[in-house]
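>>> Provided below for reference: sequence and predicted model.
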Amino acid sequence: MDSRSVLNSYTNAGRSVWMQEESTLKANKDLKDGLTRTDERPLAVEEGAPEDVMQDVVIYVLTTPAVAFSKVELLEVVGTKAMTLIFPVCIFASETWTLNLDVQRALETFEGKVLRTIFGPVQEQGCWRTRCNFELYRLYKEPQVAQIIRSNRLRWLGHVWRTPENNPTRLHTFKNPGGARARGRPSTRWLDDTENDIKILKIKNRQRVSLDRLSWKKRAVEAAKTCNSPQLDQVQDSARPQKTNTIGERFMVKEESVASVGTRPWTPEGGTQQIQIPSYAQVTANKAKKLHTILLYPKEDQEKPQPIRNLLQSELNQRKEGIKIAATRPIRKNGLAIDCTSQKDLQNFLDKLNAKESLAKTIDIKQPSKRYPRCVIYDIREGTSDEEVLQALAMETDTDTDKFKVSFKLRGKEGRNHFVISAPPQLIQELITLRKISLNWQKHNIREHFDIKRCFKCQDFGHIQTNCKRKNVYCVYCGNSHPSSTCRNNRAQCLNCSEANRNRRVKYDINHFASDNKCPVYQQMVQRYKDSLTYE
């Protein structure tokens, strides 16, 4: 049973109890008389009210259909104490949950809604706005829902491990059941998810530590309430900048005191805090040195042009001429791209190239054109012209249609296509911030697009399956040499990260699928793709 069903059953059960008992009428009247209205808040509880009074107010409002005040006002009445009454119902029996990403997002969304109702909006320069996640977490200095669930699971893990070896619960938890598993992607097991939490906490020799109840509680159960997982880092990082429509702007987050019970000020001084919003170019800029590139093509008047690389090797001695080249790569039309680490090295190469008459007559030199970032618009009906899409983009961004270009289209499902759009970085960032655009009376999602080739035969990057040179087929789940559809392994292992650890002597985590977007090797390919784009 999920958290929503538990909460609904709790509410329905409470409603029936309160409606059946005649003594409820007097209790309702006493509760209403105990609530006073103030100018600062619609409702308030007298200062110093005991915990049982708070609990009675919560139960009364949640379980009574016709009431003089709303459930939103309830949260304003009891303040952060409502969290201690609502969330135990939502995470009941959570020590046996498998906390996948969808469940975690749902719980965090529910937690954010409750916190936004408790703390209310904030006023900035005469305008009201809702609080961001990092503002809420600074005010509500308690463990988040996902942290509490992880703590409960580790507590249950230690309890089960301390039971006798013939205990049915222990046998079911730590022993793999027999029989064949169904085909397809292996499901996430509770033990795998919990062991991942142990890796985050960096606890070694879990079996020995969990035998000591006090040591396990200190090192695992309590530590899990303060340690963030990779998913929580995305929403709880207090230094994370807030998304804005204007690139590179500064804004002031001014915190005003909240009159509800149990709230905390923004800072001990109650002042303001400046947050520098980095520009889109700063966020996506490469941390490494920028390469300077020149493109070499054979001239068109040649009947049988020789390869550019062979001409350079025969006419120029790189060591004697003092030419410094960072990298070379073949490009279309029998061309060759030359990368240098500095403009001085690139100019030195061009001077040596032009000094050779044989090379100057046969090689055409061109500057690379700017490559702008791209975004993809999903699920556009077939028959929609490029002009309609460009006009919709121009209307959303208040610019001209010539600023956008349809790079290509990807085939979708049920007669729909995905349009890949190229535009200057400021416009791409604005579209990504909008997240949706309106076209032909429908809303379409927009995401940033990374044109990275992936082979589904060997799971490597840089080529597709039709051009793969490997003989064997490798599984996307476990990395072994068999088709992905016939995988029977319970453990996920990334083939790309395993090869990187072996060949490059790095220490990447391999406990994920090769198709995972958080794969370190895939993230390197994304960063390399961003390095080739222009964000200026």
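Perfect, thanks for sending it.

>>> how about the CA coordinates for stretch 410-428, as PDB?
The C-alpha trace of stretch 410-428 is given here as PDB (Å, rounded to 0.1, in the frame of the first residue of the first chain):
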ATOM      1  CA  LEU A 410      13.300  12.100 -34.500                       C
ATOM      2  CA  ARG A 411      10.500   9.700 -35.100                       C
ATOM      3  CA  GLY A 412       8.100   9.300 -32.200                       C
ATOM      4  CA  LYS A 413       5.100   7.100 -31.600                       C
ATOM      5  CA  GLU A 414       1.600   7.100 -33.100                       C
ATOM      6  CA  GLY A 415       2.300   9.500 -36.000                       C
ATOM      7  CA  ARG A 416       4.400  12.100 -34.000                       C
ATOM      8  CA  ASN A 417       7.800  13.500 -34.400                       C
ATOM      9  CA  HIS A 418      10.400  15.200 -32.100                       C
ATOM     10  CA  PHE A 419      11.800  18.400 -33.500                       C
ATOM     11  CA  VAL A 420      15.500  19.200 -32.700                       C
ATOM     12  CA  ILE A 421      16.000  22.900 -32.700                       C
ATOM     13  CA  SER A 422      19.300  24.800 -32.800                       C
ATOM     14  CA  ALA A 423      19.500  28.400 -31.600                       C
ATOM     15  CA  PRO A 424      21.800  30.900 -29.700                       C
ATOM     16  CA  PRO A 425      22.400  29.800 -26.100                       C
ATOM     17  CA  GLN A 426      20.300  32.600 -24.600                       C
ATOM     18  CA  LEU A 427      17.200  31.500 -26.500                       C
ATOM     19  CA  ILE A 428      17.900  27.800 -25.800                       C
END
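
>>> List of residues touching it?
247, 280-281, 284, 372-382, 384, 386, 389, 393, 397, 399, 403-409, 431, 448-449, 451, 533-536 (CB atoms under 8 Å, 6 or more residues apart in numbering). For the C-beta atoms, the positions are set from N, CA and C on the backbone; glycine is no exception.

>>> Swap in 7 Å and give it another go.
Residues outside stretch 410-428 that contact it (CB atoms under 7 Å, 6 or more residues apart in numbering) are 247, 280-281, 372-382, 389, 393, 397, 399, 403-409, 449, 535.

>>> what does stretch 488-506 give?
By CB under 7 Å, 6+ apart, stretch 488-506 touches 181, 186, 189, 459-460, 474, 477-479, 507-514, 519-521.

>>> for stretch 383-396, same thing?
377, 380, 400-401, 404, 406, 419, 421, 431, 434, 437-440.

>>> Among those residues, which lie within strands?
377, 380, 406, 419, 421, 437-439 (DSSP state E).

>>> Can you select the buried ones among the residues you listed for me in ChimeraX?
A single ChimeraX command selects the buried members of those (16 or more other CB atoms under 10 Å):
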select :377,380,406,419,421,437,439
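
>>> Can you pick out the most distant pair from the ones in strands among the contacts of stretch 383-396?
Distance extremes for the ones in strands among the contacts of stretch 383-396: the farthest pair is V406 and S438 at 17.9 Å, using CB to CB.

>>> where does the chain have low pLDDT?
By pLDDT under 70, the low-scoring segments of the chain are 1-85, 176-188, 226-289, 536.

>>> Please enumerate the strands of it.
Using DSSP E, strands in the chain cover 122-124, 127-129, 250-254, 272-276, 292-298, 327-331, 335-340, 363-366, 374-381, 405-411, 416-422, 436-439, 442-449.

>>> Show me which of the contacts of stretch 410-428 are buried.
Buried members of the contacts of stretch 410-428, scored by 16+ other CB under 10 Å, are 247, 280, 372-377, 379-380, 389, 393, 397, 399, 403-404, 406-407, 409, 449, 535.

>>> Neighbours of the closest residue to S342 other than its chain neighbours, how many?
Once flanking residues are discounted, S342 sits nearest to H292: 6.6 Å by CB to CB, 6 or more residues apart in numbering. Applying other CB atoms under 10 Å, we find 18 residues neighbouring H292.

>>> doesn't Q347 make contact with H292?
No. Look at H292 against Q347 with CB atoms under 7 Å: they stay out of range, at 8.9 Å.

>>> Pretty sure W128 sits against P121.
Yes. The pair W128 / P121 is scored as a contact, 4.6 Å apart, by CB under 7 Å.

>>> Comparing the two, which shows the higher neighbour count?
P121 (12 against 9).

>>> what's near enough to touch the more buried one?
Per CB under 7 Å, 6+ apart, neighbours of P121: 128-131.

>>> now do R371
532-534.

>>> Who wins on neighbours among those?
L533 (19 neighbours).

>>> separation between N503 and R435?
39 Å (CB to CB, to the nearest Å).

>>> between those two, who's got more neighbours?
R435 (11 against 8).

>>> What sits closest to that one if chain neighbours are left out?
I446 (6.0 Å).

>>> so what's the one you found bridging to?
With DSSP bridges as the criterion, I446 is bridged to I377.

>>> Pull the contacting residues for it.
Contacts of I446 by CB under 7 Å, 6+ apart are 375, 377, 431-432, 434-437.

>>> on that earlier part again, can you put the strands of the chain in JSON lines and add distance to L495?
Shown next, in JSON lines, are those (distance: least, CB to CB, whole Å):
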{"stretch": "strand 122-124", "distance to L495": "48"}
{"stretch": "strand 127-129", "distance to L495": "46"}
{"stretch": "strand 250-254", "distance to L495": "45"}
{"stretch": "strand 272-276", "distance to L495": "41"}
{"stretch": "strand 292-298", "distance to L495": "31"}
{"stretch": "strand 327-331", "distance to L495": "24"}
{"stretch": "strand 335-340", "distance to L495": "28"}
{"stretch": "strand 363-366", "distance to L495": "38"}
{"stretch": "strand 374-381", "distance to L495": "27"}
{"stretch": "strand 405-411", "distance to L495": "25"}
{"stretch": "strand 416-422", "distance to L495": "28"}
{"stretch": "strand 436-439", "distance to L495": "36"}
{"stretch": "strand 442-449", "distance to L495": "25"}
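
>>> so which of those gets nearest T96?
Going by CB to CB, the one of those nearest T96 is strand 442-449, 34.6 Å.

>>> Can you mark which positions in the closest one are buried?
Under 16+ other CB under 10 Å, the buried positions of strand 442-449 are 444, 446, 449.

>>> can you pull the contacts of Q207?
Contacts of Q207 by CB under 7 Å, 6+ apart are W161.
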